[in-house]
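Visitor: Predicted model, plus sequence, below.
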Amino acid sequence: MSTYAWIGLGNMGGPMTANLVAAGHTVRGYDLDAEACKAAATGGVQIAGSIAEAMDQADAVFTMLPKGEHVRSVYEADDGIWANATNHMLLADSSTVDIETSRAIHAGSQERGLNFIDAPVSGGISGAAAGTLAFMLGGAPELMERATEFIAPMSGKTIVAGGPSMGIAAKICNNMMLFIDLMASAEGSQLAEALGLDPEVFWQIASVSSGRSWAQQTWYPVPGIIDTAAANNNFEATFRTDLARKDIGLALDAGQSTGVQLPAASLAREHFDELISQGLGDKDCSLIVKNLLPDGVVRGWNPKETESAPSAAS
């Protein structure tokens, strides 16, 4: 059995660490959010008071954080990952970050003689809980077999994408496709209903036709069709709009740097920006469905319920 240090115990990190513990491994977790730490502790994670404490004699060190700036800070801090790492440890970042951050962490780790891979994931909160995430790995070939072993309890599929930062490159492209697919499900669902189709019947038709996608199967923005849809729960976030906006921005930045035109991704960004401008950045990204109707009224969305609900820690 292995000892893991885990930095970032939020919506993804919490259930991922629970699967490691369930597989018999020791996990020491660190997060600035007391509620996230409390939730992770119920899954068997040993809560550390610092990054150094979490990393003490660890075999692997994983980060799962919201943005590139957070990943840089925990690596570069005076008492951060680089300050406490040894060449025995495998360092892995499973966050969705910009290409430049990933390259910087690869380069800085290599300069220090440390073993780092980028290991972003796809599958969302449900995949994290079920241990069925798809991992995309980028880094030195000699690290991949060991990395795959560390990842196995959390993964349904692990694919080596290539050299340094190729995992995050794959993740950025994949998430861009996801949000474009989400737009298709939002538009298709509302047009079908406006034309008089029964919502469940149309979903069944799309499920066996060319309109099928992961977003249509998992995030369909109509209540009462699929259990995993945020539309069943007043669009409480399974994937926050502000984080979706961050991810689509990463793709657009990459498109600008490479000269690739991404008009559909630009439209997805507009949808997310519209929700954020309305103060809905903490709601599920599938709430873009409300942008499609003149009055913004869609089934499953009750803004008054949101206004009356107590605030919760993110």
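Guide: Yep, that arrived.

Visitor: Distance of L9 relative to V27?
Guide: 10 Å (CB to CB, to the nearest Å). For every residue, glycine as well, the C-beta is placed using N, CA and C.

Visitor: which SS class is A52?
Guide: helix (DSSP: H, G, I helix; E, B strand; the rest coil).

Visitor: ugh, typo on my part, it should be F62
Guide: Under three-state DSSP, F62 comes out as strand.

Visitor: thinking it is in contact with W6, fair?
Guide: Yes - counting by CB atoms under 8 Å, F62 touches W6, with 5.2 Å between them.

Visitor: what touches both of those two?
Guide: The contact sets of F62 and W6 overlap at G13, M16 (CB atoms under 8 Å, 6 or more residues apart in numbering).

Visitor: how long is stretch 146-161 from one end to the other?
Guide: Length of stretch 146-161, first residue to last, CA to CA, to the nearest Å: 15 Å.

Visitor: quick one: buried residues of that stretch?
Guide: The neighbour-count check on stretch 146-161 (16 or more other CB atoms under 10 Å) flags A147, T148, F150, I151, P153, M154, S155, T158, V160, A161 as buried.

Visitor: on that earlier part again, anything in contact with each of L9 and V27?
Guide: With CB under 8 Å, 6+ apart as the test, L9 and V27 both reach T17, V45.

Visitor: what's the neighbour count on the closest residue to L287 other than its chain neighbours?
Guide: Nearest non-adjacent residue to L287, counting by CB to CB, 6 or more residues apart in numbering: F235, 4.4 Å away. Neighbour count for F235, taken as other CB atoms under 10 Å: 28.

Visitor: pretty sure F235 contacts I288?
Guide: No - using CB under 8 Å, F235 is not in contact with I288, being 9.9 Å away.

Visitor: Disregarding residues adjacent in the polypeptide, which is nearest to E274?
Guide: Closest residue in space to E274, ignoring its immediate chain neighbours: N291 at 5.4 Å, by CB to CB, 6+ apart.

Visitor: if I've got this straight, the one you found is in a helix?
Guide: Yes - the assignment for N291 by three-state DSSP puts it in a helix.

Visitor: Verify the stated contact: it with H271.
Guide: Yes - under the criterion of CB under 8 Å, N291 makes contact with H271 at 5.6 Å.

Visitor: higher neighbour count, those two?
Guide: Just comparing N291 and H271: by other CB under 10 Å the higher neighbour count belongs to H271, 24 against 18.

Visitor: wait, doesn't the more buried one sit right on K290?
Guide: No - contact between H271 and K290 fails when scored by CB under 8 Å: they sit 9.8 Å apart.

Visitor: Can you spell out the domain ranges of the chain, please?
Guide: Residue ranges for the domains of the chain, per automatic domain parsing: 3-163, 170-308.
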